[in-house]
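K.L.:
Give me coordinates for this.
(chains A and B)
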Amino acid sequence: MPASIVASVVFLKIQDFARRPATEQARLRAQLQAVVAVTAAEIPPAGRVMLDAADGAAIVVLDDPRAALRLAERALNAVAVGLPLSAGLNHGALQLAGRKGGEGMTGDGIAVAAAIAAFAGASRVLVSRSFRDAVAEARPGAEAPLASAGTFTDPGLRTHEVFTPNERALARRSRRYGFVGLVLVVVLVGAGVTMRSANPRQQPFVDAMIEKTVPYWRSLVRRVSY
Amino acid sequence: MAKSAKKIGRYKILGELGRGAMGVVYKAEDPNLDRIVALKTINLEKDTEGRAEYQKRFMLEAKAAGKLNHPNIVTTFDFGETDGVAYLAMELLEGTDLRKRVQQGSIPPIEAVEIACQIAEGLAYAHHRGIVHRDIKPGNIMLPERGPAKIMDFGLARMRLADHKTSTGIVLGTPRYMSPEQISGQPVDHRSDIFSLGIVVWEMLTGRRLFSGTEMAQVSHSITYDEHEPPTRVNPELPAMLDFVVARALKKDPAVRYQDADEMAADLHTCLAELRASEEGADAPGEGSKTVKLGDSGEPTVGAPPASAIATDTRLPVSRHFDSTVALKRLAKSQRTGRPARPVGFLRRIAYDTLPRRLFVVTALAAAAGSLIAFI
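P.N.:
From the prediction side, this is the model:
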């Protein structure tokens, strides 16, 4: 029975590949292989499987989804050398297929990554919701730079929520947490003040504090003095 | 003055090795250690107004350069000043410099990448110690007859500062090999050396000048705005992976360039390993190898569908250009690898994610303060 795998898939797609002349296609494929060779070097050989597609390449990253994201972002730098790439990332189910010498892989993990890569424009990285969740699970908070980029419907009429790396998302999240923290502080402290002022029999806060704490400080000073 | 000297400091002059903008390089003998050295002199007379500052800077830079002890950096043995001439006693190397080598034409890819690796490693060592070269160019890279390539003149570019002391946007180094930030007179850091090394690598691979121009303004404009041609377009025989490394080193914006020379050296080592594997024409044996068959690299993939035609049951073949056997063996052995992502629990979120943790602490403190105010 074939092994059941859940892993991250980076699908690197060369944009408009089919419309290009054969010589250009050969050049782009060579460049893509070079890019994959350099960018995948940081992932140990036991942690990745390289797959071929007609207009790109899929890299199955078995262990750390964050490594998959780094790989995609580094590969997208290749746009500068005239390699129009887009990247789709997904975390999903895969299976080994084929016999020894002709191995391959199938599965929803690859299909969704390919659909996302086909949807993404040149030099864009898009990731699926499940990939974002996998990044969050690997390290809570690491998913924060992946900001929502909307939804799209693939050829199989499934709708996917997609995200894209965006450094500004970190600042936005930081501001949001700051604002929520401020509101909570105001509400909690304000509630305390309101409850106190609603009870006319209670002493003023400062007087009560002095009354409760001064004896403690006195005894402490006495103990230290002796 | 230095020209006619038979002795500079304690060094006995044996002959002249070359002349540059800053001074003369002599072959000299150190009588104390009975050692032959290259003695680089820097004339100080021209700059009487800021001489004290110049001397101070010279001493600081020479001292910093003297601390660099690395196989890819020419060793500075001694420095000093005598009769208006500052001098540096350096390791004397038999060989040629990279400039002469590039003038003869492009360098074979393996050799070029090997030199680039060595220079990147030398730069990484110096950068870790806070020293930026500022004038990486083929003329400052020595190719000894035996042994690895070595970087010369660490810190000397900065010593030229006194020549431009009245200007605000001070430009140091050799214009054709400067980074965009350096040529525009902005502050530079180690990433400027990485850009210069990118130019050197491009020129080694292509045998051509990258940013040429007869006037400074032309060169400056090219460096700042012109995108380089990928080396494979100039020389289609080159492997495409070098395009990627060169492009990253030559990014105009230092923030998206290689952030340290170690990173560039690591990529160059990967290129070198692949180039050697392709030259040997054999799949590298052993676990953990990763092989790109560069000769076949442009061939179409047989039986692989395009992205738009991939469905859940579509089989993608394992690439023949890379070795995935280790991972495939691992997958074949285990019945189950990985699992679907689960939502992150509250405690784990608080433990690992900084912002929720801070929010939790602030809320707890605010709740405590609120209770204190309400009930004390």
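K.L.:
Tell me which stretches of chain A form helices.
P.N.:
A:22-39, A:65-75, A:108-119, A:129-138, A:167-198, A:205-225 (DSSP state H).
K.L.:
mind checking how far stretch B:202-209 is from the chain centre?
P.N.:
Remark: stretch B:202-209 is offset 16 Å from the chain centroid, using CA atoms, centre = their mean, to the nearest Å.
K.L.:
Just name the most buried of the helices of chain A.
P.N.:
helix A:108-119 (a mean of 27; mean count of other CB atoms under 10 Å in any protein chain shown). From N, CA and C alone the C-beta is placed, and that goes for glycine too.
K.L.:
by how many degrees do that helix and helix A:129-138 diverge?
P.N.:
120 degrees (axes from the mean of the first three to the mean of the last three CA atoms, to 10 degrees).
K.L.:
give the contact list for the most centrally placed residue in chain A.
P.N.:
By CA atoms, centre = their mean, chain A has its centre lying nearest to A:E143, at 3.5 Å. Shown in contact with A:E143 (CB atoms under 8 Å, 6 or more residues apart in numbering or on different chains): A:132-133, A:135-136.
K.L.:
try 6 Å this time
P.N.:
A:132, A:135-136 (CB atoms under 6 Å, 6 or more residues apart in numbering or on different chains).
K.L.:
Make a markdown table out of the residues you listed and add distance to B:S319 and pLDDT.
P.N.:
What follows is the contacts of A:E143, written out as a markdown table (distance: CB to CB, whole Å; pLDDT from 0 to 100):
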| residue | distance to B:S319 | pLDDT |
| --- | --- | --- |
| A:R132 | 27 | 94 |
| A:V135 | 25 | 93 |
| A:A136 | 30 | 92 |
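K.L.:
show me which of these neighbour chain B.
P.N.:
Contacts with chain B within the contacts of A:E143, as defined by CB under 6 Å from any CB of the partner chain: A:A136.
K.L.:
Between the contacts of A:E143, which sits nearest chain B?
P.N.:
Checking these against chain B with CB to the nearest CB, the nearest one is A:A136 at 5.2 Å.
K.L.:
surely that closest one meets B:V344?
P.N.:
Yes - if you go by CB atoms under 6 Å, A:A136 and B:V344 touch, sitting 5.2 Å apart.
K.L.:
what helices or strands is the biggest strand by length in chain A leaning on?
P.N.:
Taking DSSP state E as the criterion, chain A has its longest strand at strand A:85-97. Packed against strand A:85-97 by the contact rule (3 or more CB pairs under 6 Å, 6 or more residues apart in numbering or on different chains; DSSP states H and E) you find strand A:4-14, helix A:65-75, strand A:104-106, helix A:108-119, strand A:125-128, helix A:129-138.
K.L.:
To B:T174, which of those lies closest?
P.N.:
When these are ranked by proximity to B:T174, the top entry is helix A:65-75, at 30.6 Å, counting by CB to CB.
K.L.:
Tell me the helices and strands packed up against that closest one.
P.N.:
Applying 3+ CB pairs under 6 Å, 6+ apart, we find helix A:65-75 packed against strand A:4-14, helix A:22-39, strand A:85-97, helix A:129-138.
K.L.:
ok, back up a step: of all the helices of chain A, which one is nearest B:E121?
P.N.:
Nearest to B:E121 among the helices of chain A is helix A:22-39; the distance by CB to CB comes to 17.5 Å.
K.L.:
Quick one: mean pLDDT over the closest one.
P.N.:
Confidence for helix A:22-39, expressed as mean pLDDT, is 83.
K.L.:
what separates stretch A:216-226 from the chain centre, distance-wise?
P.N.:
On CA atoms, centre = their mean, the centre of stretch A:216-226 falls 55 Å from the chain's centre.
K.L.:
for stretch B:194-207, that is, sorry about that
P.N.:
Here the centre of stretch B:194-207 is set off from its chain's centre by 10 Å, with CA atoms, centre = their mean.
K.L.:
Stretch A:133-153 now?
P.N.:
Taking CA atoms, centre = their mean, one finds the center of stretch A:133-153 at 4 Å from the center of the full chain.
K.L.:
need the helix or strand of chain B with the lowest average pLDDT.
P.N.:
When each helix and strand of chain B is scored by mean pLDDT, DSSP states H and E, helix B:156-159 comes last, with a mean of 60.
K.L.:
immediately after it, which helix or strand?
P.N.:
Once the chain leaves helix B:156-159, the next helix or strand it forms, by DSSP states H and E, is helix B:180-183.
K.L.:
Tell me which residues are up against that following helix.
P.N.:
B:188, B:192, B:220, B:223-224, B:252.
K.L.:
cool, and stretch B:234-252?
P.N.:
In this structure, residues lying in contact with stretch B:234-252 by CB under 6 Å, 6+ apart are A:30-31, A:34-35, A:37-38, A:77-78, A:80-81, B:109, B:180, B:194, B:198, B:201-202, B:205-206, B:228, B:230-232, B:257-258, B:264, B:267, B:271, B:294.
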